[in-house]
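Visitor: got a structure for you, letters missing:
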Ligand SMILES: O=P(O)(O)OC[C@H]1O[C@H](OP(=O)(O)OP(=O)(O)O)[C@H](O)[C@@H]1O
Ligand SMILES: Nc1ncnc2[nH]cnc12
């Protein structure tokens, strides 16, 4: 199945900037079987008993994070782009493959010591996920695993994540 998923991903050249080959996952999202299997494979990267909360990164991480949380009997925590969360937040700026950004999390989203699975659709340079893990650390959360549908291994993003358990379903 990971091969079928890989074949469904579409390369879009020079998006959103010249020189970037964008991995478009929308063909997976629009196929019922591929979407379901993607979530199942992400859920399989951890055991249900390990996880109190799934944290998903705005925006594509929400697509996989929320159904994974339901499957794991865990809560869901949105890590959002700046200015979207209404209550008190911690925030952090970071660099990603094609720019810079700031992400935020609600200060009361996770209790100290809770075990968290971080989910996003794609790991590229690792800037986004590293910032998310740092935000979760600020809350006192224990990020037990970071799981991605796609990893662009040539960008060596996993070396930026101070985590033993980094999983990806499809690697380019
Ligand atoms: O490993 P990095 O180089 O940091 O890149 C990975 C991030 O880039 C994409 O998000 P993007 O900021 O484009 O937001 P989107 O989900 O709203 O499209 C992707 O969904 C990851 O979150
Ligand atoms: N090449 C890429 N394709 C899709 N999403 C990305 N996020 C960062 N780099 C990306």
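Guide: Yes, it's here. None of these values were measured; they are calculated from a predicted model. Numbers count the residues shown, from 1 in each chain. Ligands and ions are numbered 1, 2, ... in the order given.
Visitor: what helix or strand does the residue positioned nearest the centre of the chain sit in?
Guide: Ranked by distance to the mean C-alpha position of the chain (CA atoms, centre = their mean), the top residue is residue 120 at 1.6 Å. Assigned by DSSP states H and E, residue 120 belongs to strand 115-123.
Visitor: show me the contacts for the nearest residue to residue 109 once chain neighbours are set aside.
Guide: Nearest non-adjacent residue to residue 109, counting by CB to CB, 6 or more residues apart in numbering: residue 77, 4.5 Å away. All C-beta atoms are positioned from the backbone trio N, CA, C, and that covers glycine. With contact set as CB atoms under 8 Å, 6 or more residues apart in numbering, residue 77 has these partners: 53, 54, 55, 56, 105, 106, 109, 110, 116.
Visitor: Equivalent analysis for residue 147, please.
Guide: Taking CB under 8 Å, 6+ apart, one finds 42, 45, 46, 117, 118, 119, 166, 167, 168, 169 in contact with residue 147.
Visitor: I figured the fourth one hits residue 73, correct?
Guide: Which is residue 117. No: the pair residue 117 / residue 73 is not scored as a contact, 11.9 Å apart, by CB atoms under 8 Å.
Visitor: ranking the contacts of residue 147 by neighbours, who comes first?
Guide: Taking other CB atoms under 10 Å as the neighbour criterion, residue 119 ranks highest of the contacts of residue 147 with 33 neighbours.
Visitor: The residue nearest to that one when sequence neighbours are not counted: which element?
Guide: Leaving aside its sequence neighbours, residue 119 sits nearest to residue 65 (CB to CB, 6+ apart; 4.2 Å). Assignment of secondary structure by DSSP H and E places residue 65 within helix 60-71.
Visitor: For the next helix or strand after that helix, list every residue counted as buried.
Guide: On the C-terminal side of helix 60-71, the nearest following helix or strand under DSSP H and E is strand 75-81. Within strand 75-81, the residues that count as buried by 16 or more other CB atoms under 10 Å are 75, 76, 77, 78, 79, 80.
Visitor: Could you list the contact residues of the protein toward ligand 2?
Guide: Where the chain comes near ligand 2, counting by CB under 6 Å from any ligand atom, the residues are 20, 21, 22, 23, 96, 97, 122, 124.
Visitor: In ChimeraX, how would I select just the buried ones from those residues?
Guide: The buried subset of the residues of the chain next to ligand 2, as determined by 16+ other CB under 10 Å, is captured in ChimeraX by this line:
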select :22,23,97,122,124
